[in-house]
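1. here are the coordinates; sequence isn't available:
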């Protein structure tokens, strides 16, 4: 029997992952696993892993690395107890030679001894902090997906990984812009401070009402558009890299870790780890 | 003709590196390249690089990665203009099979097509911020090296890399402990917040007057010993890993980057990079 989103609200990260692993929940994760780090997921053969780690190190705002598996070991033991990357993400996208080739509820049959899984921080963490500071976010209030755009900002290449930075846009009341920038800078693992504030054209965005991903959101009178590096950037980079096989989470369907989302480092204490 | 430390004080990072590259300066770098990021250096064959990056990702406090070269390319192009890791560090230690096998002013003859160079943040950045906040640091006032100890804190292993965390100790007036902790947390690339505050025995340190590295420093009345993860940790890990060849900077003789030490990310803007 399926489990509903409403049923999982208020559940701990481990209970949400158990529902996902059992196949009884395959929905989006925003607002679930309250207080725990959520992460983008990218899985690829080891042959490309060193260059991908270099790409993340060189582009820490779009690609904040929060966990890396051992080669062939699907347990993400630094992120929590008993996290199996093959089954604990609600939905996966499967890319072959850079093209989307279907999605799946688990990847038990696709995982192999030469795979490496990467977890990358996402913007939920800083959005929660912004809301706690009393600044409303339009896309959350209206239950839509934040608008994302392909900017003209080049990422720093590494091996076959390169491409433009994808950015998310949030329209913020002018009086709160400085505060929101400062709050987001405190979360380097959630994309850090904004990469641009103000005129969208300066970073190559001509029409904010037509996002490349997500849903359009208005820019109100007295609001300023603020742009942050976005976790879709590495997805675009791996698509362009045309790896023979690459698996990602399905957007919005994140990995929920046991690490608190405001932890200074994304590593659970060794004594908490079942298999460390 | 050699160049003196005094002559280089006030020089920019590029000028200091030029003096080092020419072989005219091979001394320590504390206080030089004012305002620029300084980094620990570890160089190893590519075969070990993926595990070493995993080790750094899992132990971000002792091993904050600030730069990684392409395999075989000695230019650290994300850290600055024209930084050649083979010649721009004042002094190198050379390890073979985990044992120190000499030191050198440059490694032009040791670098090869399969080498990868890593730069890791160091504590200078947060020490400068602490001093700017008006808190004196004994080892700086007395021109000694900060005392460092092998703690009983296990690092999270990755491949053949593992070992105890090395920590540095600074005795801080009790009234400033919270401020100093908060200041250091702002610099995740300079080891971040303290890993322990107070009783040294709790992390396995029995005699603070006998540091394992550096010089002893007193703990005054009304002072509290504070401990931070230390950049010697990865040096110990690579020694224990017994790599056939591994090259590090000589302690205190750091790489000086062009990136400002308080930069949000340790990457120079692409348009500043000569070879990006």
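-> Yes, it's here. Values in this document were obtained by computation on a predicted structure and should not be read as measured data. Numbers count the residues shown, from 1 in each chain, chains lettered A, B, ... in the order given.
2. C-alpha only now, for contacts and for neighbours.
-> Will do.
3. mind checking what secondary structure whichever residue of the stretch 1-150 of chain A sits closest to chain B has?
-> Closest approach between the stretch 1-150 of chain A and chain B, counting by CA to the nearest CA: residue A:50, at 5.3 Å. Assigned with DSSP: H, G, I helix; E, B strand; the rest coil, residue A:50 falls in the helix class.
4. break chain A into its domains for me.
-> The record's domain parsing of chain A by automatic domain parsing lists A:10-121+A:243-271, A:124-233.
5. could you dump these to TSV with mean pLDDT?
-> Shown next, in TSV, are those (pLDDT from 0 to 100):
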stretch	mean pLDDT
domain A:10-121+A:243-271	95
domain A:124-233	95
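6. quickly compare the ones you listed and say which is most buried.
-> Of the domains of chain A, the one with the most neighbours on average (mean count of other CA atoms under 10 Å in any protein chain shown) is domain A:10-121+A:243-271, at a mean of 21.
7. what's near enough to touch the residue of the stretch 1-150 of chain A closest to chain B?
-> Residues near residue A:50 by CA atoms under 8 Å, 6 or more residues apart in numbering or on different chains: B:49-50.
8. how close does residue A:55 get to residue A:237?
-> To residue A:237, residue A:55 is 9 Å away according to CA to CA, to the nearest Å.
9. again but with residue A:151, I slipped
-> In terms of CA to CA, residue A:151 sits 13 Å off from residue A:237.
10. and stretch A:103-117, how far out from the chain middle?
-> Put simply, stretch A:103-117 sits 18 Å off its chain's centre (CA atoms, centre = their mean, to the nearest Å).
11. run through who's touching it.
-> For stretch A:103-117, contacts defined as CA under 8 Å, 6+ apart pick out A:23, A:26, A:41-46, A:49, A:68-74, A:85-94, A:250.
12. what does stretch A:24-31 give?
-> Around stretch A:24-31, the neighbours that count as contacts under CA under 8 Å, 6+ apart are A:1-5, A:9, A:19-20, A:89-91, A:105, A:124, A:252-254, A:256.
13. which residues are in contact with residue A:243?
-> Neighbour list for residue A:243: A:44, A:95-98 [criterion: CA under 8 Å, 6+ apart].
14. so where do the helices sit in chain A?
-> With DSSP state H as the criterion, chain A has helices at A:5-8, A:13-21, A:49-58, A:124-132, A:138-141, A:177-185, A:232-241.
15. which positions in the first one come out as buried?
-> Same thing as helix A:5-8. Neighbour-count burial for helix A:5-8 flags A:5, A:8 (criterion: 16 or more other CA atoms under 10 Å in any protein chain shown).
16. counting by contacts, list what that helix packs against.
-> Applying 3 or more CA pairs under 8 Å, 6 or more residues apart in numbering or on different chains; DSSP states H and E, one finds that helix A:5-8 makes contact with no other helix or strand.
17. from the chain's centre, how far out does it sit?
-> Offset of helix A:5-8 from its chain centre (CA atoms, centre = their mean): 21 Å.
18. near chain B, which residues of the stretch 151-276 of chain A?
-> Residues of the stretch 151-276 of chain A lying near chain B by CA under 8 Å from any CA of the partner chain: A:156, A:158-159, A:185-186, A:264-265, A:267, A:270, A:276.
19. please redo it, this time with the cut-off set to 7 Å
-> With CA under 7 Å from any CA of the partner chain as the criterion, the stretch 151-276 of chain A meets chain B at residues A:265, A:267.
20. those strands in the stretch 151-276 of chain A, which residues are they?
-> Listed in chain order, the strands of the stretch 151-276 of chain A (DSSP state E, counting those that start in this stretch) span residues A:164-173, A:196-197, A:223-229, A:246-249, A:255-260.
21. kindly reformat those strands as a markdown table containing distance to residue B:129.
-> As requested, the strands of the stretch 151-276 of chain A are exported to a markdown table (distance: least, CA to CA, whole Å):
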| stretch | distance to residue B:129 |
| --- | --- |
| strand A:164-173 | 31 |
| strand A:196-197 | 26 |
| strand A:223-229 | 27 |
| strand A:246-249 | 40 |
| strand A:255-260 | 27 |
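22. ok, residue A:239 touching residue A:98?
-> Yes: here residue A:239 reaches residue A:98: they are 4.2 Å apart, a contact under CA atoms under 7 Å.
23. what residues are bridge-paired with the nearest residue to residue A:55 once chain neighbours are set aside?
-> Spatially, and ignoring its direct neighbours in sequence, residue A:55 is nearest to residue A:158 (5.0 Å; CA to CA, 6 or more residues apart in numbering or on different chains). Beta bridges link residue A:158 to residue A:161 when assigned by DSSP bridges.
24. which residues sit in contact with residue A:158?
-> Taking CA atoms under 7 Å, 6 or more residues apart in numbering or on different chains as the criterion, residue A:158 is in contact with A:51, A:54-55.
25. out of those, flag the one nearest to residue B:211.
-> Lowest distance from residue B:211 to these (CA to CA) belongs to residue A:54, with 35.0 Å.
26. in this structure residue A:32 contacts residue A:12, no?
-> No: checked against CA under 7 Å, the pair residue A:32 and residue A:12 is beyond contact range at 8.1 Å.
27. hmm, back to that, what sits in contact with each of residue A:55 and residue A:237?
-> Common neighbours of residue A:55 and residue A:237, using CA under 7 Å, 6+ apart, are residue A:161.
28. mind listing the strands for the stretch 1-150 of chain A?
-> Along the stretch 1-150 of chain A, the stretches classed as strands by DSSP E, counting those that start in this stretch are A:36-45, A:65-68, A:92-96, A:99-104, A:115-121, A:148-154.
29. which residue, neighbours along the chain excluded, lies closest to residue A:223?
-> Excluding its sequence neighbours, the residue lying closest to residue A:223 (CA to CA, 6+ apart) is residue A:173, at 4.1 Å.
30. show me what contacts the closest residue to residue A:116 other than its chain neighbours?
-> Of all residues not flanking residue A:116 in the chain, residue A:71 sits nearest, at 4.9 Å (CA to CA, 6+ apart). In this structure, residue A:71 makes contact with A:46, A:113-116, judged by CA under 7 Å, 6+ apart.
31. now render the residues you listed as a markdown table, adding distance to residue B:220.
-> Below are those laid out as a markdown table (distance: CA to CA, whole Å):
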| residue | distance to residue B:220 |
| --- | --- |
| A:46 | 51 |
| A:113 | 55 |
| A:114 | 54 |
| A:115 | 53 |
| A:116 | 49 |
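32. distance check, the residue nearest to residue A:223 against chain B.
-> Distance of residue A:173 to chain B, given as CA to the nearest CA, to the nearest Å: 24 Å.
33. ok, now which ones touch that residue?
-> Under the criterion of CA under 7 Å, 6+ apart, the neighbours of residue A:173 are A:222-224.
34. same check, this time on residue A:61
-> A:191-192, A:229.
35. which among those gets closest to chain B?
-> residue A:192 (8.1 Å).
36. okay but that closest one is in contact with residue A:185, surely?
-> Yes: judged on CA under 7 Å, residue A:192 makes contact with residue A:185 at a distance of 4.4 Å.
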